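Peer 1: Please work out how this folds:
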Amino acid sequence: MPINISFLRKQFRYLVLVAALLLHGTLSSCAAPRVAGKILLLNSYSIEDTWTAETNRGIAAAFEENGANVEFFVENLDITGTFSAMHLPELRELYRTRYTSMRPDLIITTENDATSFALGQRGVLFPDVPIIFCSLTNKALLSIIPRTKGTGIFSENTSLFILREIIRLHQNAPRIALVSDMSPRGFRDIAQMNEAATMLSIPRKRLQPLFGMDIEQLTTSLSELPPNSVIILGHYNITREGDLVSLPRLIEAIQEASDLPVYSLIEEGAALGVLASVSEGGFQKGFDAGEIAFELLKGSSPESMPPREGQAPKLLFNYSGMREFSIPRSALPPGSIILGDPFYNIQEYTPFIFANLFLLLFLAGLAVYLKRKINRRKKTEEELLRQTEYWKKLFEHSPQGILIYDGAGQVKEANSRFREMFRLSGPAPLPENITSLLSGTEADFSRNDIFPQEENISGTAAPAKETALPDGDGGTLSVSFQAFPLSSNDEETHYCALFHDIRDRKTMEQKLHRRTILQERMTAISSRFVLFQNFRDSMEAALDDILALSGARTASLFVISDSGILIPEMEAFSPDKAGPSLAANFSDGDDFFWKSLLLNDALPSVITIESAVHKVRESKWDFLKEMGIDSITILPLFVKTSFQGFLALTDPLQQWVDMSNDPLLGLFSDLMAMAIERRKEEDSLRETHERIHDRFTGAITALCQVSELRDVSTSGHQKNVSVLAEGLANEMQLPEEVRMGVRYAGLVHDLGKLYIPAEILGKPSRLSEAEYELVKKHPEFGHDILSLLNFPWPLAEIVLQHHERVDGTGYPYSLKRKDIRIEARILSVADAFEAMTSDRPYRKRKTAKAALKELMELAGKAYDAKIVKSFVKMILERGENP
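Peer 2: This is a model prediction of the structure:
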């Protein structure tokens, strides 16, 4: 039976009831009713209780509808907060005092306690006053009410009703927990639920009361319930310590503590999120009781109106809760109401929606027709004005400089970008004629370039030409020029010229050209370290190449010995420049100086020192000035954190200094450092298997970096693939030799691209068919290189097969799953994912989520389905953002 939820709701319902009773009395007096009388309305609960307020409102509505002129006296036993039996003498004396002088004609009671009180005091307080009971659920009490003195509305016990439906809907529930407080209402819930359990033959241990607990104790007890249990929420308003608890807060605490289904004896429960709650139809039962009372006031006897059963209780179900606990509609008891049921709303409002939609469509069509009819001219004018403003803004804010001129070349107008490009600020005049602006440039402009023919008005513009023009500040401005005729209703044709600033592109082209040369030379240098065994010859050739690239006078290589002392290894001099020798007079002081400079934590890849007097003020640099060195560039050589030495270049060209941050120089330093380390360790590595393994690791890493030098856009790709592939092998719990195989094969799987021209690898657009066929040869090229090296893993075969696909659509041999090594199948998945999530010159990278989706779509077709599944699991467990 529902209770109050909040103070405001209590007061609102109370005011509604009082207003209804007052309105009833007012209207009755005005209409001169046929029936009048005094009625004592005796409530079991407080008028602030939701169910009680609804019942009283129904009683008042029945009298109002029948035009009766009655006076109500409302009394509340209020068993919610007190035990009424403790106050019977006081109540009896209070009511004796109140009603001795104004005996009521009828007594209407709500629920069991008020009926029991009225029946027990009938002979003392209200002799011969008929009793009309409303919603009497105690069958024993019903059986003892004399038919001559009482009648009314009886109904099924809500505890019995809800418990019976729970047992039917949740047959496997091992425990049914009843939550209530220690108020009289709470104890009554427990007693009624135990009585219902007895009637339904439910074992007592299956019904578990949870009463008198605070919120923390309650949530702990609920979390300990066995799975598939059910919770019944009774009346819980106050904790044992006296703290008030609102119904929403209680439901929230229960749902946080447990994911079990929750039923409520309180009608508002379903609307607040529980699975279902009981609705007793308080208004209707009150109305029915009022109808019986009205008939008695008219003169009917109680015997002529036997007690009748009121509206049966209903369950209010929460639609989302039904879906969560898989309760079908067909299983609901008759008369159940589903809150939030989308199908009910659709069915109920479909005719209304269609009617309104038709009306709206009709009105909209009429409005459109009238608007078109009335505003057509205004709309045309506004469109013309908008178009004019649009083209004006487009002209003024174009990223290109725009110049308008006539057939004689006279300049008519220019936009702000043109003025900005040619430094025409403020009132500075525009060029008078387009031909004078373009004359004397390096490009040869024909008349058709400046004044395209009339037949091109509706065709394409003349091709763009690139040239350098004076920029107004004494410098030059690289632009592309393109002209086209403008359509005009005038006899004279005007032209539009577009000037696009291409300085950044030209600068980028020059840098790209220099970088291409640097990349080719670096590739040659790195190839020597990898492919040639003679360290000294390779290093001497590398020093000669670095001298040619940097334009330095001297290239001096210093290495760290086994004893930790820097020693000069070799030195190369430019043939056309007389360079100083840093190695000639190398001393212990120099050893300390260079190591103190280079052995720092935050050391850049390249260090440039200028020894000019105005820039160097410390005496420690004096020896550079004394040797006639203006500047010196230092490349520290480290293998990871191991210092191997350094390369010193004296007086390099400024272009070289400007490129000191290029990653290629870092790769070059790494390669030289690894070459030095490899040279120092070759002899000792032959003695033990561990050192042989390390040498293979160094060689593979070098091969990886060598191959990536040819395609800088994919720098780091092979290392990333290696990490992914090894992680995937670990995820699949494969043997150690397989994990090592995929690790090192991943580092060199694109080694064959050394044979692919750099222009193809770095092409910023899609490859032609012939170029793509050449790129598809790189697994074979890599196989040819690796097969010459006696690795302890089948790297050559793995690299050869890493572009094969399980459905036979791969290359170079169109192998199918059973013929492809598992290492190659693992490598193909890691390679594909890393490629898809990395930028390429011809496309942007995909997100990890999109790449995983594509892999899953191709699982079982191009890629091994089991491997793809393990890979997706690995990526998600690492916490990477898909």
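Peer 1: what about residue 839, how many neighbours?
Peer 2: As a burial measure, residue 839 scores 11 neighbours (other Cβ atoms under 10 Å). Using the backbone N, CA and C atoms, a C-beta is placed for each residue, glycine as well.
Peer 1: Spatially, and excluding backbone neighbours, which residue is closest to it.
Peer 2: Nearest residue to residue 839 in three dimensions, chain neighbours excluded: residue 845, at 4.7 Å (Cβ to Cβ, 6 or more residues apart in numbering).
Peer 1: Could you pull up the residues touching that neighbour?
Peer 2: With contacts defined as Cβ atoms under 8 Å, 6 or more residues apart in numbering, residue 845 is in contact with 836, 837, 838, 839.
Peer 1: Going by distance to residue 404, which of those wins?
Peer 2: residue 839 (40.6 Å; Cβ to Cβ).
Peer 1: Look up phi and psi at the closest one.
Peer 2: phi -70, psi 150 (degrees, to the nearest 10).
Peer 1: how about low-confidence regions in the stretch 601-750 of the chain?
Peer 2: Applying pLDDT under 70 to the stretch 601-750 of the chain flags residues 601-606, 610-623, 660, 682-696, 707-715.
Peer 1: at 50 instead, please
Peer 2: Across the stretch 601-750 of the chain, the ranges flagged by pLDDT under 50 are 612-618, 688.
Peer 1: wait, is residue 718 part of a strand?
Peer 2: No. Looking at residue 718 with DSSP: H, G, I helix; E, B strand; the rest coil, it is helix, so not inside a strand.
Peer 1: So it sits against residue 745, correct?
Peer 2: No. The pair residue 718 / residue 745 is not scored as a contact, 9.6 Å apart, by Cβ atoms under 8 Å.
Peer 1: quick one, which of those two is more surrounded?
Peer 2: Taking other Cβ under 10 Å, residue 718 and residue 745 do not tie; residue 745 has more neighbours (34 against 26).
Peer 1: show me the contacts for the more buried one.
Peer 2: 722, 725, 793, 795, 798, 799, 802, 823, 824, 827.
Peer 1: need the helices for the stretch 351-500 of the chain, in chain order.
Peer 2: 416-421, 434-438, 447-450 (DSSP state H, counting those that start in this stretch).
Peer 1: how far away is the residue of the chain positioned farthest from its centre from residue 275?
Peer 2: Distance to the chain centre peaks in the chain at residue 101, reaching 74.8 Å (criterion: Cα atoms, centre = their mean). According to Cβ to Cβ, to the nearest Å, residue 101 stands 52 Å off from residue 275.
Peer 1: Just the C-alpha atoms of the helix or strand containing residue 831, please, in CSV.
Peer 2: Using DSSP states H and E, residue 831 maps to helix 822-836. Only the C-alpha atoms of helix 822-836 are listed here, as CSV (Å, rounded to 0.1, in the frame of the first residue of the first chain):
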residue,chain,number,x,y,z
ILE,A,822,52.9,-19.4,-39.1
GLU,A,823,55.5,-16.7,-38.6
ALA,A,824,54.6,-15.2,-42.0
ARG,A,825,50.9,-15.3,-41.2
ILE,A,826,51.5,-13.5,-37.9
LEU,A,827,53.8,-11.0,-39.6
SER,A,828,51.2,-10.2,-42.3
VAL,A,829,48.6,-9.3,-39.7
ALA,A,830,51.0,-7.0,-37.7
ASP,A,831,52.3,-5.5,-40.9
ALA,A,832,48.8,-4.7,-42.2
PHE,A,833,47.7,-3.1,-38.9
GLU,A,834,50.8,-1.0,-38.5
ALA,A,835,50.6,0.2,-42.2
MET,A,836,46.9,1.1,-41.9
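Peer 1: helices or strands up against that helix?
Peer 2: helix 717-731, helix 736-748, helix 795-801, helix 848-858, helix 865-877 (3 or more Cβ pairs under 8 Å, 6 or more residues apart in numbering; DSSP states H and E).
Peer 1: Tell me what angle it forms with helix 717-731.
Peer 2: Between helix 822-836 and helix 717-731, the angle comes out at 130 degrees (axes from the mean of the first three to the mean of the last three Cα atoms, to 10 degrees).
Peer 1: about what we covered before: quickly note the distance from the residue nearest to residue 839 to residue 833.
Peer 2: Plainly put, residue 845 is 11 Å away from residue 833 if you go by Cβ to Cβ.
Peer 1: Show the average pLDDT along stretch 139-154.
Peer 2: In this model, stretch 139-154 has a mean pLDDT of 87.
Peer 1: Just the buried residues out of the contacts of residue 845, in ChimeraX syntax.
Peer 2: Buried members of these can be picked out in ChimeraX with the line below, counting by 16 or more other Cβ atoms under 10 Å:
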select :836,837,838
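Peer 1: Would you map the helices across the stretch 501-650 of the chain?
Peer 2: In the stretch 501-650 of the chain, helices defined by DSSP H, counting those that start in this stretch lie at 503-531, 535-550, 588-598, 622-626, listed in chain order.
Peer 1: Columns mean neighbour count and distance to residue 265 on top of those, output as a markdown table?
Peer 2: Rendered in a markdown table, the data for the helices of the stretch 501-650 of the chain read as follows (neighbours: other Cβ atoms under 10 Å; distance: least, Cβ to Cβ, whole Å):
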| stretch | mean neighbour count | distance to residue 265 |
| --- | --- | --- |
| helix 503-531 | 16 | 76 |
| helix 535-550 | 19 | 88 |
| helix 588-598 | 14 | 82 |
| helix 622-626 | 14 | 94 |
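Peer 1: Relative to residue 658, which of these is closest?
Peer 2: Ranking the helices of the stretch 501-650 of the chain by their distance to residue 658 (criterion: Cβ to Cβ) puts helix 503-531 first, at 9.4 Å.
Peer 1: Export the helices of the stretch 501-650 of the chain as TSV, with columns for distance to residue 485.
Peer 2: Shown next, in TSV, are the helices of the stretch 501-650 of the chain (distance: least, Cβ to Cβ, whole Å):
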stretch	distance to residue 485
helix 503-531	27
helix 535-550	51
helix 588-598	66
helix 622-626	65
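Peer 1: returning to what we had before: deepest of the helices and strands packed on helix 822-836, which one?
Peer 2: A comparison of the helices and strands packed on helix 822-836 by mean neighbour count, using mean count of other Cβ atoms under 10 Å, puts helix 795-801 on top with a mean of 26.
Peer 1: pull the CA atoms of that helix into CSV?
Peer 2: Extracted C-alpha coordinates of helix 795-801, given in CSV (Å, rounded to 0.1, in the frame of the first residue of the first chain):
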residue,chain,number,x,y,z
LEU,A,795,64.1,-15.1,-41.7
ALA,A,796,64.5,-15.4,-45.5
GLU,A,797,61.5,-17.7,-45.9
ILE,A,798,59.4,-15.6,-43.5
VAL,A,799,60.2,-12.4,-45.3
LEU,A,800,59.5,-14.1,-48.7
GLN,A,801,56.0,-15.2,-47.5
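Peer 1: for it, packing partners?
Peer 2: Helices and strands touching helix 795-801, by 3+ Cβ pairs under 8 Å, 6+ apart, are helix 736-748, helix 778-786, helix 822-836.
Peer 1: In the next helix or strand after the first one, which residues are buried?
Peer 2: I take that to be helix 736-748. Scanning forward in sequence from helix 736-748 by DSSP H and E, the next helix or strand is helix 758-761. With burial defined by 16+ other Cβ under 10 Å, the residues of helix 758-761 counted as buried are 758, 760, 761.
Peer 1: by contact count, what packs against helix 758-761?
Peer 2: Where contact means 3+ Cβ pairs under 8 Å, 6+ apart, helix 758-761 is packed against helix 503-531, helix 769-775.
Peer 1: Which one of those helices lies nearest to residue 156?
Peer 2: When the helices and strands packed on helix 758-761 are compared by Cβ to Cβ, helix 769-775 sits nearest residue 156, at 80.7 Å.
Peer 1: what mean pLDDT does the closest one have?
Peer 2: Helix 769-775 comes out at a mean pLDDT of 90.
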